[in-house]
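> Okay, sequence plus prediction incoming.
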Amino acid sequence: MFKNHPKGLLAAAISNMGERFGYYIMNAVLVLFLCSKFGLSDETSSIIYSVFYCGIYVLSLVGGIIADKTQNYKATIMSGLIVMSLGYVILSVPVLSTESNIGWLLPLTCLALFLIAFGNGLFKGNLQAIVGQMYDNFEKEAAEKGPEALKIARSRRDSGFQIFYVFINVGGLIAPFIAPLLREWWLKVHNLAYNADLPALCHQYLQEGAGMAADSFNNMSELVIKVGGTMSADMAPFCTQYLDVFNTGIHYSFIASVLAMLISLFIFIINRNIFPTPGKKTAKEVVDYTPEEKAAMAKEIKQRMYALFAVLAIVIFFWFSFHQNGQSLSLFARDFVVTESIAPEIWQAVNPFFVIVLTPIIMWFFGLFTRRGKEISTPRKIAIGMAVAGLAYLFLTIYSVVMDYPSGTEFKAMADSAKAGMKAGPWVLIVVYFFLTVAELFISPLGLSFVSKVAPKNVQGLCQGLWLGATAVGNIFLWVGPLMYNKLPIWECWTVFFVVCLISMGVMLGMVKWLERVVNC
């Protein structure tokens with residue numbers, strides 16, 4: 001797999017895999033964890049998630065600027081891993097949320113999320129920039145051997161970023177299992193069982209007591225017996241115990257995130273000498289250019305930046321749709337899908353599983369066209385990816401119409417026995433994640449490759465940060481998904497995402513020829 005690629009690609013990929021493993025443990029459970037720990041509504045938890053997810057990518061701009069200004073990408077990356085570790089340490093401490101301490105406990109949790117976001121900003125974009133620099137050097141060495149060698153070297157960049165992306169998802173495949181397994185183990189230690197609906201009802205009882213609506217109380221009574229509890233005149237002690245045990249197991253999973261950060265840091269440190277050091281190389285390369293050459297270079301750089309921002313504007317809408325896997329799609333898995341034997345968080349492992357399985361197939365598919373002299377350009381691949389993402393939401397729209405699903409709020413208010421007959425089988429989520437993963441493979445790793453192609457050499461970290469910044473803009477609107485999910489018949493929610501993907505594909509196709517000219521200039 002790594003044959004005919006830069007030497008440092010494997011080390012960078014493994015270092016990134018460790019960090020992503022720790023990150024995806026937390027990301028897989030975040031929205032549902034905020035609901036179960038603090039009793040927050042889906043909408044409020046989703047707003048916190050959206051701001052956090054936006055912050056990760058906005059702060060990548062800061063990390064890129066720091067690395068470009070100091071030309072010390074390696075130190076910036078290592079600092080990011082240390083800062084993230086501190087955030088996960090705070091999250092790993094189990095403290096029961098009560099009315100008396102939520103005023104400081106929730107802000108402390110948000111502070112931990114900020115540290116993770118800031119550390120990620122220092123780490124993520126700059127490691128991607130280093131991979132881009134590897135291929136710059138790789139192509140420079142190939143150019144000395146002749147035009148044919150250079151052409152072959154350039155064709156390796158897209159596949160290199162796809163390989164890099166596979167290792168991200170190896171960590172993402174394992175991570176979603178950690179928190180649910182620890183949570184269920186800790187519940188079993190206390191002779192209790194897992195139920196996704198019970199924490200919200202426990203919070204409701206603790207807030208309302210005897211004033212709790214009869215339907216909600218009856219639902220809670222049914223579930224308390226199911227998880228191994230007993231009914232009594234005062235259910236507050238049981239509710240407090242269940243919430244404490246339920247969430248403590250999740251807190252313990254964040255210890256694994258801390259260990260993953262430290263392992264990633266260790267791998268990066270022992271391999272740091274094989275990564276490129278652009279600051280030292282730039283100091284040695286002093287070239288005088290004529291005014292005409294400077295004007296031509298300025299024009300080319302301007303065209304490249306226009307192309308970069310055009311693509312960034314499109315991918316905003318992809319991430320707005322795709323990252324619903326941690327928002328409305330997680331809520332859909334919790335509410336509308338049979339999860340007695342599989343916790344809703346675990347469904348997020350389906351996406352990285354498909355990434356690992358499908359990447360070699362898609363690389364072979366792209367390579368087949370290249371060998372036949374009909375190479376698909378990176379901009380065209382991104383347009384195809386938007387179309388495939390639309391298919392995922394078209395499928396969900398049709399399925400929800402056929403099943404006559406109401407809004408999430410209306411569905412949750414129904415009796416547990418009534419909901420059981422309406423819940424979808426696991427295959428529905430598998431189909432959705434299949435389409436979303438194919439779309440991701442056409443957009444995310446190839447988008448990183450596109451940025452590395454058009455980015456001026458002196459601002460590579462910033463340009464990778466801009467790519468992540470576009471992701472941030474898409475993420476800040478993620479809360480719209482859960483809002484629609486709970487307020488509208490859910491087929492209307494999925495229709496909105498389908499239309500967004502369809503329009504984005506059309507705009508991207510309209511720019512393809514111009515983008516192809518710019519990238520090849």
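Received, thanks. Numbering: from 1, shown residues only.

> Show me the shaky parts of the chain.
The chain contains residues with pLDDT under 70 at 1-2, 278-290, 292-294, 296-297, 339-341, 457-461, 464, 520-521.

> How is the residue nearest the centre of it assigned, secondary-structure-wise?
Closest residue to the average C-alpha location of the chain: residue 323 at 6.3 Å, with CA atoms, centre = their mean. Three-state assignment for residue 323 (DSSP: H, G, I helix; E, B strand; the rest coil): helix.

> can you check residue 433 too?
Residue 433 ends up helix, using three-state DSSP.

> and the nearest residue to it once chain neighbours are set aside, what element?
In space, and not counting its chain neighbours, residue 433 is closest to residue 350: 4.2 Å by CB to CB, 6 or more residues apart in numbering. Glycine gets a C-beta too; all of them are placed from N, C-alpha and C. Using DSSP states H and E, residue 350 sits in helix 350-371.

> next helix or strand past that helix?
helix 378-403.

> Contact partners for residue 505?
Shown in contact with residue 505 (CB atoms under 8 Å, 6 or more residues apart in numbering): 383-384, 386-387, 390.

> Show me which of the residues you listed is closest to residue 228.
residue 390 (44.1 Å; CB to CB).

> Assess the claim that the closest one and residue 506 are in contact.
No: under the criterion of CB atoms under 8 Å, residue 390 makes no contact with residue 506, lying 10.4 Å away.

> Of the two, give the one with the bigger neighbour count.
residue 390 (22 against 12; other CB atoms under 10 Å).

> ok, now which ones touch the closest residue to the more buried one other than its chain neighbours?
Spatial nearest neighbour of residue 390, excluding adjacent residues (CB to CB, 6+ apart): residue 501 at 3.5 Å. Residue 501 sits next to 317-318, 321, 386-387, 389-390, 393 when contact means CB under 8 Å, 6+ apart.

> Can you add distance to residue 516 and give those back as TSV?
Output for the contacts of residue 501, formatted as TSV (distance: CB to CB, whole Å):
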residue	distance to residue 516
317	21
318	19
321	25
386	17
387	18
389	22
390	23
393	28
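
> in the helix holding residue 350, what's buried?
Of all the residues in helix 350-371, those buried under the rule 16 or more other CB atoms under 10 Å are 350-356, 358-359, 362-363, 366.

> Then stretch 513-520?
For stretch 513-520, using 16+ other CB under 10 Å, the buried residues are 515, 518-519.

> cool, stretch 240-258 as well?
242-258.

> C-alpha coordinates for that stretch, CSV please?
What follows is the C-alpha trace of stretch 240-258 in CSV, where atoms were taken according to Å, rounded to 0.1, in the frame of the first residue of the first chain:
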residue,chain,number,x,y,z
THR,A,240,-30.2,9.3,40.7
GLN,A,241,-28.4,6.0,41.0
TYR,A,242,-29.2,5.0,37.4
LEU,A,243,-28.0,8.3,36.0
ASP,A,244,-24.8,8.2,38.1
VAL,A,245,-23.9,4.6,37.0
PHE,A,246,-25.0,5.2,33.4
ASN,A,247,-22.7,8.2,32.9
THR,A,248,-19.7,7.0,35.0
GLY,A,249,-19.0,4.3,32.5
ILE,A,250,-18.8,6.9,29.8
HIS,A,251,-16.4,9.0,31.9
TYR,A,252,-14.1,6.0,32.2
SER,A,253,-14.0,5.7,28.4
PHE,A,254,-12.3,9.1,28.2
ILE,A,255,-9.2,7.6,30.0
ALA,A,256,-8.7,5.6,26.8
SER,A,257,-8.8,8.9,24.9
VAL,A,258,-6.0,10.3,27.1
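
> now what about it, what contacts it?
21-23, 25-26, 29, 33, 36-37, 85, 88-89, 91-94, 96-97, 178-179, 182-187, 190, 192, 194, 198-199, 202-203, 206, 227, 229.
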